[in-house]
Each structure stands twice: as C-alpha cells, then as structure tokens.
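Peer 1: Sequence plus predicted model, see below.
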Amino acid sequence: YGSAFSGVDTVAAALDMKMREGQWRYECLAELHDKTREAATAAWAQRGLATARCHADARRLDNECWVELFVITPECVEFAACQHDADHERQASSMRDTNCALNYVRRRRPRFVLVENVDEAAAVGPLSGVLGSLEGYVFERVVVCPSVHLNVPVRRRRSFWLGRDSRA
C-alpha cells in the first residue's frame, strides 16, 4: 500500500479494519505537511511505514517500491462548492501536483489506483481527464454521499475513481 496527499489516511484505516494481521503493509507515503506526515508515520509504523519512506514531495515517490494499491487523495479545498470565487490558478496547480504524483503509477504500475476528491464539476472533469490518460488503466467512478449511503447527517458528496491495470 502506498499513498499521496492522504493525510493521516482514512483509506488505510478502512483497509486495516477489513484485513487480517499480516495481510498488508504500508510501504510509502507523500504528505506535504510536516505534522501530518509525522502523525501518519506514527500511526502506520505497526504496518511497516518507516520514516525514510515518508516524503514531503509526491514527485519523489516514483522511485519507491511497487505496491499493489496506490491511493491519491489530492487537496480538494480549491474545488469545494463553498469556494464561491474559484481560483483557477490554484485549481490548475492542484491538478499539476496530482499529475506529478501519478508518475509513480506510470513508472511502477500498481495493480490498483484509488483516487478520491469532491464531487464537483471543477474537480471531476479534470481528474477524469488525467486518469483517463494513464495508459493501460481502466477506471470506474463512484459517488458516495454520507447522508445517503451511510445514514450520517453530512452532505459532502465525494467521487472515488478505482482503476486497475488492465495489463496485469
């Protein structure tokens, strides 16, 4: 398992709940914020995550080892509906960062790639385009709303793209 922009990583927490001991390892991560990176390292050390494999720059992951599942949860603030004055330069910068993080996928070819972000047109279109350009991967997008799907009083629709390497 490897991740980029995942914070302390709730996807890894969900995986941890479903998998038995010894069935998965957290190999590498990239997280820009020092405190969050330190917290993630501490949280996932028992799953094998070492400080040396935790990077501040997602562009450095392309030299990491192969993982079966790579998760990317890029910053979504620029695309959120509450941002009434969209800053297109910040949105473009976020897409460039995501595209750079996908260099890991292009070079190491994990079997599965999971990407999560807000379900807003400003994010869905560009992310779908970037993911669609990954040669040899087939992606499916699913939208999840906590209030609808989990009976939680939160209306924060999220898009999840799950891709698999069709050549594997």
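Peer 2: Perfect, I can see it now.
Peer 1: Give me the helices and strands touching the lengthiest helix in the chain, please.
Peer 2: Identified as the longest helix of the chain according to DSSP state H is helix 88-101. Packing partners of helix 88-101 (3 or more C-beta pairs under 8 Å, 6 or more residues apart in numbering; DSSP states H and E): helix 121-132. From N, CA and C alone the C-beta is placed, and that goes for glycine too.
Peer 1: pLDDT of the helix it packs on, averaged?
Peer 2: Mean per-residue pLDDT for helix 121-132: 91.
Peer 1: Tell me where the protein has helices.
Peer 2: Using DSSP H, helices in the chain cover 10-18, 34-44, 88-101, 103-108, 121-132, 146-149.
Peer 1: Generate TSV for these, with distance to residue 168 and mean neighbour count as supplementary columns.
Peer 2: Formatted as TSV, those follow (distance: least, C-beta to C-beta, whole Å; neighbours: other C-beta atoms under 10 Å):
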stretch	distance to residue 168	mean neighbour count
helix 10-18	19	14
helix 34-44	25	16
helix 88-101	20	16
helix 103-108	12	18
helix 121-132	17	16
helix 146-149	29	12
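Peer 1: what sits up against the helix or strand bottoming out on mean pLDDT in the chain?
Peer 2: The weakest-scoring helix or strand in the chain, judged by mean pLDDT, DSSP states H and E, is helix 146-149 (a mean of 74). In this structure, residues lying in contact with helix 146-149 by C-beta atoms under 8 Å, 6 or more residues apart in numbering are 152-156.
Peer 1: Highest neighbour count among those residues?
Peer 2: Most neighbours among the contacts of helix 146-149, by other C-beta atoms under 10 Å: residue 156, with 14 neighbours.
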